[in-house]
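Peer 1: sequence and predicted structure, then a few things I'm wondering about:
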Amino acid sequence: MQTTQEPEVATSLAGRTLRWTFAEGPTAGKTYEHTFHPDGTVVWRGVDGGQGKAKREESDQKPPKTKYASFEVAPDTHLVSYLSEAGFTLTVALSFKTRQCYGIASNSESWYPLTGTFETVE
């Protein structure tokens, strides 16, 4: 009898926390902090005023962990993608040299090209 295993997912951003802010789209001007875990999950939350302490925007509940994949596609350039519990898929290319990010947010009804900036949280 064969057993089906889930394929191993690339997690090049594992162990990092990043904050990014997009200049356009439904979240223009808002900053979101993303913590990428080695188990292939990401936890994201809104950040007040673009800087400062991170918090869940919708409630004080423990944030859900969402599966992600990330690949280092070139030196200091990563591609990351995840499907949020809100039904949006976010796919973003991150340049660690320029601190620029380029992405696409989409669901079954909407599609938004995005550009912005990001920083590493220590």
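Peer 2: On my side now, so go ahead.
Peer 1: starting at the chain centroid, how far to the longest strand anywhere in the chain?
Peer 2: Once the chain is assigned using DSSP state E, the strand that runs over the most residues is strand 111-121. The chain centroid and the centroid of strand 111-121 are separated by 9 Å under C-alpha atoms, centre = their mean, to the nearest Å.
Peer 1: just checking, what packs against it?
Peer 2: Counting by 3 or more C-beta pairs under 8 Å, 6 or more residues apart in numbering; DSSP states H and E, the packing neighbours recorded for strand 111-121 are strand 17-22, strand 100-106. C-beta coordinates here come from the backbone N, C-alpha and C atoms, glycine included.
Peer 1: now the last one: mean pLDDT?
Peer 2: So the one you mean is strand 100-106. On average, the pLDDT along strand 100-106 is 96.
Peer 1: quick revisit: determine which stretch of the helices and strands packed on strand 111-121 is the most buried.
Peer 2: Most buried of the helices and strands packed on strand 111-121, by mean neighbour count (mean count of other C-beta atoms under 10 Å): strand 17-22, with a mean of 21.
Peer 1: what angle sits between that strand and strand 111-121?
Peer 2: For the pair strand 17-22 and strand 111-121, the angle between their directions (axes from the mean of the first three to the mean of the last three C-alpha atoms, to 10 degrees) equals 140 degrees.
Peer 1: quick one: residues in contact with strand 17-22.
Peer 2: Judged by C-beta atoms under 8 Å, 6 or more residues apart in numbering, the contacts made with strand 17-22 from elsewhere in the structure are 28-36, 47, 50, 54, 92, 94, 101, 103, 114-121.
Peer 1: low-confidence ranges, this protein, go.
Peer 2: Under the criterion of pLDDT under 70, the regions of the chain flagged as low confidence span 1-7, 49-63.
Peer 1: run the last query once more with 50
Peer 2: For the chain, residues meeting the criterion pLDDT under 50 lie at 50-59.
Peer 1: how are the strands of it distributed by residue range?
Peer 2: Ranges of strands in the chain, per DSSP E, are 17-22, 31-36, 41-47, 54-55, 66-74, 77-83, 89-95, 100-106, 111-121.
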